[in-house]
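>>> my questions are about this predicted structure, shown below with the sequence.
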There are 2 protein chains.
Amino acid sequence: MTVAETAKQARAASRSMASLTIASRDQALIAMADALLNARDRLFDANNRDLANAHGLPEPVRKRLIYNEKKLRESVDELRALAAAPDPLGRTTLARMLADGLKLYRVSCPIGVVGVIFESRPDALVQIAALCLKSGNAALLKGGSEASYTNRALFEALNAAAISCGIPEGWASLFGSREDVAEMLALDDLIDLIIPRGGNAFVRYIKENSRIPVLGHADGVCHVYVDVSERGENDRRAPYADCALRVVRDSKTQYAAVCNAVETLLVHKDAAEAFLPELAKNMPEVELRGCPAAQRIINCKSASDADWDAEYLDYILSVRVVDSLDEAIEHINRHGSGHTDAIVTDSPLRAARFLAEADSANVFHNCSTRFADGYRYGFGAELGIATGKIHARGPVGLEGLTIYKYKLLGAGHTVADTQDGTVAYLHKPLDEECPL
Amino acid sequence: MTVAETAKQARAASRSMASLTIASRDQALIAMADALLNARDRLFDANNRDLANAHGLPEPVRKRLIYNEKKLRESVDELRALAAAPDPLGRTTLARMLADGLKLYRVSCPIGVVGVIFESRPDALVQIAALCLKSGNAALLKGGSEASYTNRALFEALNAAAISCGIPEGWASLFGSREDVAEMLALDDLIDLIIPRGGNAFVRYIKENSRIPVLGHADGVCHVYVDVSERGENDRRAPYADCALRVVRDSKTQYAAVCNAVETLLVHKDAAEAFLPELAKNMPEVELRGCPAAQRIINCKSASDADWDAEYLDYILSVRVVDSLDEAIEHINRHGSGHTDAIVTDSPLRAARFLAEADSANVFHNCSTRFADGYRYGFGAELGIATGKIHARGPVGLEGLTIYKYKLLGAGHTVADTQDGTVAYLHKPLDEECPL
């Protein structure tokens, strides 16, 4: 089948998926968990083939490629947890009596056909397929080529199990090549949403080459802003100074190679003299790159213009001294990526301004940027973190894969009757679920 | 100022608009209402100039151009009603204790900078500017050129009133030319959302020429599907047959020139013989264009392939006889525009399937497609009806102009502490609003 034919099949499948009961979707998820356990040997064989081809890959990439007993167990647990999770579909989020006998409901429903392009991490395939199925969406999947044998083996096990439970053929498909992705991007009449995961450059490529809406993030240029103490004094023993050290240190060093790690530290000029030397002392393993004002306080490399936009994903931190809260927010809104930005301050008023005006999906007060994560938020499995300004923002899970429709139930109601006075609008709230 | 400079100013204004209190936004709306009343003479003069230039325009277009005492009164009422409406911002839609002292909130917030391109209807300018201000968004406005004098006069009155209440300069701007729109479409780093209203071809042009997300609809190809009676009999006296006549008649003739009027009637083959002759008798003013099966039952023109995709906006109705509910849904999902589609049936089960599987923003059971409208839904002012599958769908008002951000409030919390066991995740729901 061509990519377009596959997408057409997905479109057709998505129609009947919209009326699958939650019982049948959950039963399929449980069957998928069992199928993975039954396919254990085949999965590990396939993964060994991928790993055998993985010579020369950087160690972190190779590590993500591994699908072993532990990963299998995690996949099975995830599938079962998802089967036990509440139904994201059919939720009535508005119910209103428009007129006598005419009732309006806003009801959550699947988006339709979702294309997900993900990195070479086989466990991601299981997670993504499961989230799509639970939310009633047909899935077009393309995983990283380094994991192709494992992905194919996982996909075959999951797909057969779902179909045996009555999920329609075409509910999920696995593409093999980069060319398939390019073809997919042109199918804006068949695909409703693209979720690209992984590399920065790749996400940009997707955004620039498709009319299909894209959910995801390209960069994670996150900031911590250390504000001046509310008392206005330059007090290095202020409790918030300890807090600032803890937050900056964790945001940078707890795991530097991820999108929610901090890349730029902003410090209020009245806090800089006390704070920066402490920081330098406490993070000797991190290379600091400072603005001229920072360099007057601590001994560090000089930051170039490019540093303010850099996603290092490494033990490097650019440091800029700012004159005011406003300047900090301006810096973040200009150079940040709308992912995660934190303020450390003992002033609730200043924190509130920062949280309102820093235009990011996740805005934090006195805690590490590393908390920006679906699991840490308690959302269960996530598809990724979205930095756009519409639909879904921040960690995206099941809810981001749904939309809603308006269902209006009448008994021959006409607008003409409302205009000649036969029928009057009531617009009365109803406390009930949509019955259909 | 260039378009890009204006958009930059809007971006800057949007930042401080995100922390305007609801009191100051509502006060501005009230001042805007007063300003329109004070500018009455200037507004009517400007409108007379537009009307004087409107020779040769079709009468409905000329009529929409009128801004008179009645329209002014409606604008003033709308502004005051919006000032009294609840705040769409700062609503906490999720609150959760992640760990002791670490609290997560999901809080509604403005999208940022919204570009709205609207038809030559001066009252639309007031409505759109007011909705954007209430929802804390900066607005880049471009109205139809036929209304340019009236738009300019309205804009100046509204803008001065808002600024006098402390709304930041640049919160709204009015562009004058089509070239400005073309420039706007390229500013995807400064504009978060485009809402095009009006002509079909124009909406397509916008969608195809910008990377900025677009909210709106291009077509309104709406359907009514008259199902067979559950009793399986061809009973022309069945109550649902009366219902079908009422619904089809109202959907087509109550106001034919609008996007929520029906364009294609689908009839189940077992209902067609009784229903179609009744329909033809009851809608003599409507030109019917039938498929071959319909033509065997009633005397009507033949429908061409193009008819199934046509938005007539006129007293024309294409009629197709289908073999099954499935065929009806398939027809709608292939030829419809995802706007509004209705089923007439006495079977709740069949209605439920239709409502789930017809992939449209508004899906109706036993009532006229003409109800698909923000005012009739009781939503107050609306920006338009969206037929996309993400963000907002159906009639879009204030809520569609908001998104949310995650606010996480801690006291020096680090991920390292959660990993070494010092701090445990609780993920406990909280019943409180975000305090910051």
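The structure has been received and is ready for your questions. As the structure is a computational prediction, the values presented were derived from the model and not from experiment.
>>> secondary structure class for residue A:166?
For residue A:166, the assignment made with DSSP: H, G, I helix; E, B strand; the rest coil gives coil.
>>> state the pLDDT value of it.
As predicted, residue A:166 sits at a pLDDT of 97.
>>> tell me the contacts of it?
Counting by Cβ atoms under 8 Å, 6 or more residues apart in numbering or on different chains, residue A:166 touches A:20, A:24, A:28. No exception for glycine: its C-beta is placed from N, CA and C like everyone else's.
>>> show me where the stretch 151-300 of chain A has its strands.
According to DSSP state E, counting those that start in this stretch, the stretch 151-300 of chain A carries its strands in the segments A:172-175, A:193-196, A:222-226, A:262-268, A:287-290.
>>> and the helices in the stretch 101-250 of chain A?
Ranges of helices in the stretch 101-250 of chain A, per DSSP state H, counting those that start in this stretch, are A:122-134, A:148-164, A:178-185, A:200-208, A:239-253.
>>> by contact count, what packs against the least confident helix or strand in chain A by mean pLDDT?
Using mean pLDDT, DSSP states H and E, helix A:200-208 stands out as the lowest-scoring helix or strand of chain A, at a mean of 83. Where contact means 3 or more Cβ pairs under 8 Å, 6 or more residues apart in numbering or on different chains; DSSP states H and E, helix A:200-208 is packed against strand A:193-196.
>>> what packs against the strand it packs on?
So strand A:193-196, by 3+ Cβ pairs under 8 Å, 6+ apart, packs with strand A:113-117, helix A:200-208.
>>> one more pass at 6 Å, please.
If contacts are counted by 3 or more Cβ pairs under 6 Å, 6 or more residues apart in numbering or on different chains; DSSP states H and E, strand A:193-196 sits against strand A:113-117.
>>> can you add mean neighbour count and distance to residue A:84 and give the helices of the stretch 101-250 of chain A back as a markdown table?
Converted to a markdown table, the helices of the stretch 101-250 of chain A look like this (neighbours: other Cβ atoms under 10 Å in any protein chain shown; distance: least, Cβ to Cβ, whole Å):
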| stretch | mean neighbour count | distance to residue A:84 |
| --- | --- | --- |
| helix A:122-134 | 26 | 11 |
| helix A:148-164 | 21 | 17 |
| helix A:178-185 | 17 | 32 |
| helix A:200-208 | 16 | 32 |
| helix A:239-253 | 22 | 32 |
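>>> which bits of the stretch 251-400 of chain A sit near chain B?
Taking Cβ under 6 Å from any Cβ of the partner chain as the measure of proximity, the stretch 251-400 of chain A contacts chain B at A:254, A:351-353, A:355-357, A:362-368, A:370-371, A:377-378, A:389-391, A:393-394.
>>> among the residues you listed, which ones are in strands?
Per DSSP state E, strands hold the following members of those: A:362-367, A:394.
>>> filter the contacts of residue A:166 down to the buried ones.
The neighbour count (16 or more other Cβ atoms under 10 Å in any protein chain shown) marks A:20, A:28 as buried among the contacts of residue A:166.
>>> which of the contacts of residue A:166 lies closest to chain B?
Distance to chain B, by Cβ to the nearest Cβ, is smallest for residue A:20 among the contacts of residue A:166, at 9.2 Å.
>>> still on that earlier bit, buried subset of the ones in strands among the residues of the stretch 251-400 of chain A next to chain B, written for PyMOL?
Per 16+ other Cβ under 10 Å, the buried members of these correspond to this PyMOL selection:
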select buried, chain A and resi 362+363+364+365+366+367+394
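>>> which one of the ones in strands among the residues of the stretch 251-400 of chain A next to chain B is nearest to chain B?
Using Cβ to the nearest Cβ, those come closest to chain B at residue A:367, 3.0 Å.
>>> turn the strands of the stretch 151-300 of chain A into CSV, columns for mean pLDDT and mean neighbour count.
Converted to CSV, these look like this (pLDDT from 0 to 100; neighbours: other Cβ atoms under 10 Å in any protein chain shown):
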stretch, mean pLDDT, mean neighbour count
strand A:172-175, 98, 22
strand A:193-196, 94, 24
strand A:222-226, 98, 28
strand A:262-268, 98, 27
strand A:287-290, 98, 20
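>>> just put those strands in TSV and tack on distance to residue B:343.
Output for the strands of the stretch 151-300 of chain A, formatted as TSV (distance: least, Cβ to Cβ, whole Å):
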stretch	distance to residue B:343
strand A:172-175	30
strand A:193-196	27
strand A:222-226	50
strand A:262-268	54
strand A:287-290	64
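>>> hmm, back to that, tell me the angle of the least confident helix or strand of chain A relative to helix A:178-185?
40 degrees (axes from the mean of the first three to the mean of the last three Cα atoms, to 10 degrees).
>>> just how off-centre is helix A:200-208 within its chain?
Averaged C-alpha coordinates place helix A:200-208 at 16 Å from its chain's average position (Cα atoms, centre = their mean, to the nearest Å).
>>> phi first, then psi, for residue A:48.
According to degrees, to the nearest 10, the main-chain angles of residue A:48 amount to phi -60, psi -40.
>>> number of residues surrounding it?
Close neighbours of residue A:48, defined as other Cβ atoms under 10 Å in any protein chain shown, add up to 15.
>>> per-residue confidence for it?
The model's pLDDT for residue A:48 equals 97.
>>> secondary structure element holding residue A:349?
helix A:348-357 (DSSP states H and E).
>>> again, but for residue A:31
For residue A:31, the enclosing helix or strand under DSSP H and E is helix A:22-38.
>>> chain neighbours aside, what residue packs nearest to the closest residue to chain B within the stretch 1-150 of chain A?
Of all residues in the stretch 1-150 of chain A, residue A:19 sits closest to chain B, at 4.0 Å by Cβ to the nearest Cβ. Spatially, and ignoring its direct neighbours in sequence, residue A:19 is nearest to residue B:356 (4.0 Å; Cβ to Cβ, 6 or more residues apart in numbering or on different chains).
>>> so that neighbour sits against residue A:18, correct?
Yes - with contact defined as Cβ atoms under 6 Å, residue B:356 counts as touching residue A:18 (4.9 Å).
>>> looking at those two, which one has more neighbours?
residue B:356 (25 against 22).
>>> from residue A:136, how far out is that one?
9 Å (Cβ to Cβ, to the nearest Å).
>>> and for residue A:365?
37 Å.
>>> and what of residue A:42?
Taking Cβ to Cβ, one finds residue A:42 at 29 Å from residue A:136.
>>> for these two, work out which one has more neighbours and name it.
The residue with more neighbours, out of residue A:42 and residue A:136, is residue A:136; 27 against 15, by other Cβ under 10 Å.
>>> contact partners for the nearest residue to the more buried one once chain neighbours are set aside?
Nearest residue to residue A:136, sequence neighbours excluded (Cβ to Cβ, 6+ apart): residue A:110, at 3.5 Å. By Cβ atoms under 6 Å, 6 or more residues apart in numbering or on different chains, the contact list for residue A:110 reads A:18, A:135-137.
>>> widest-spaced pair of these?
Using Cβ to Cβ, these span at most 10.5 Å, a distance reached by A:18 and A:135.
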